[in-house]
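A.B. asks: Predicted model follows, preceded by the sequence.
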Amino acid sequence: MGSFDTEKKAMAAAFFASFVFGLSFVFSKVALQFTAPLVLLAFRFVTAFLLLHLLLLTGKVKLSLRGKKLLPLILLGFLQPVLYFVFENYGILLTSATFSAVMIALIPIATLFGGILFLREIPTLFQVIFSVLSVAGVTLMALLQRGGGTVTALGVLLLLGAVLVQSGYTALTRKLSLTYSVFERTYLMFLTGCAIFVPAAVISCGFDFPLLLSYLRHPEVWSATVFLGAFCSFGAFLALNYANSHLPVARTTAFANISTLVSVFAGVILLKESFTFWTLTASLMIVAGVWGVQKFKRKEEKEESGYPEA
């Protein structure tokens, strides 16, 4: 029963992370009308890092890195959030909305191959088929949006980098879960993010600290900072690292395309965007794909033990 409960908790954690990531696009889109990407990223990860320290003060989790190698955790943080956010944000900027959505949707497929190469986790044939179905649903959704813009070679390379980095992060965080707790991995990820994004934001503002802080005068910026820092970073990455500790990468990343579904429905509800029969069809393809990957797991797959919990 304990194994079953842990599996369900891990699935719920992966779903929660993807759901929140889907909402992040709406908050980021609004906030970026008043500030720059690097500034918003700095605010976001400083907020998340402070929340981790508040969690430490409660005594419910412990940070024990004495005697442990820090380089693997720093590498994890360099992959996600640093490289991934840089590649994704500037890749989207240099390509059309449709092309970028399709490229990012390839992450679950790339992660399947990453799991095979680095973790020896072989997905079932049905898991591969349903993963492709989910990607096809996202592709259809992207085509329905008819996003304008041009596609540059640099943009393509950056988005490809984002896909590879995310698949590498997923494989690495699962591998490190045998040695480091969920909290330890998340803590070093956010520490690395702050170490990179805060100086980058300061430099982008010409070392003008009053100017940097003045962005928080806009309600759209500080409200996005709270949501992105508290939910999309603090909550979602803790949940995602937990899920990667207890589920094979094929099952964890299957939830990734839920983000696209959530962002579309958020646009329909909050921004009054249209919802058509083909949008519904694409949504059902995504949901069916996620369901199929969870349903047709390997027969020999069972709950693994020995993972640090906190």
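C.D. replies: Cool, the structure landed.

A.B. asks: For the rest of this, base every contact and every neighbour count on C-alpha atoms.
C.D. replies: OK.

A.B. asks: What distance do you get for T252 to R174?
C.D. replies: 10 Å (Cα to Cα, to the nearest Å).

A.B. asks: And these two? Which one has more around it.
C.D. replies: T252 (27 against 23; other Cα atoms under 10 Å).

A.B. asks: Please, which helix or strand holds the more buried one?
C.D. replies: Under the criterion of DSSP states H and E, T252 resides in helix 249-253.

A.B. asks: average model confidence for that helix?
C.D. replies: Averaged over helix 249-253, pLDDT sits at 88.

A.B. asks: Residue numbering should commence at 635 henceforth.
C.D. replies: That works, and once the first residue is 635, the last one we named lands at helix 883-887.

A.B. asks: and after it, which helix or strand comes next?
C.D. replies: By DSSP H and E, the next helix or strand past helix 883-887 is helix 892-904.

A.B. asks: for the helix or strand just after that following helix, packing partners?
C.D. replies: Using DSSP H and E, the helix or strand that follows helix 892-904 towards the C-terminus is helix 911-929. Helix 911-929 sits against helix 759-779, helix 883-887, helix 892-904, with contacts defined as 3 or more Cα pairs under 8 Å, 6 or more residues apart in numbering; DSSP states H and E.

A.B. asks: before we move on, back to that, who touches both of T886 and R808?
C.D. replies: N878 (Cα atoms under 8 Å, 6 or more residues apart in numbering).

A.B. asks: how near is F899 to F650?
C.D. replies: From F899 to F650 the distance is 16 Å (Cα to Cα).

A.B. asks: Phi, psi for S815 please.
C.D. replies: phi -70, psi 170 (degrees, to the nearest 10).

A.B. asks: With C839 instead?
C.D. replies: Dihedral pair for C839: phi -100, psi 10, per degrees, to the nearest 10.

A.B. asks: what residues are up against it?
C.D. replies: So C839 contacts L845, L846 (Cα under 8 Å, 6+ apart).

A.B. asks: gap between it and A858?
C.D. replies: According to Cα to Cα, C839 and A858 sit 20 Å apart.

A.B. asks: max-length helix in this structure?
C.D. replies: Ranked by residue count, the top helix of the chain under DSSP state H comes out as helix 636-665.
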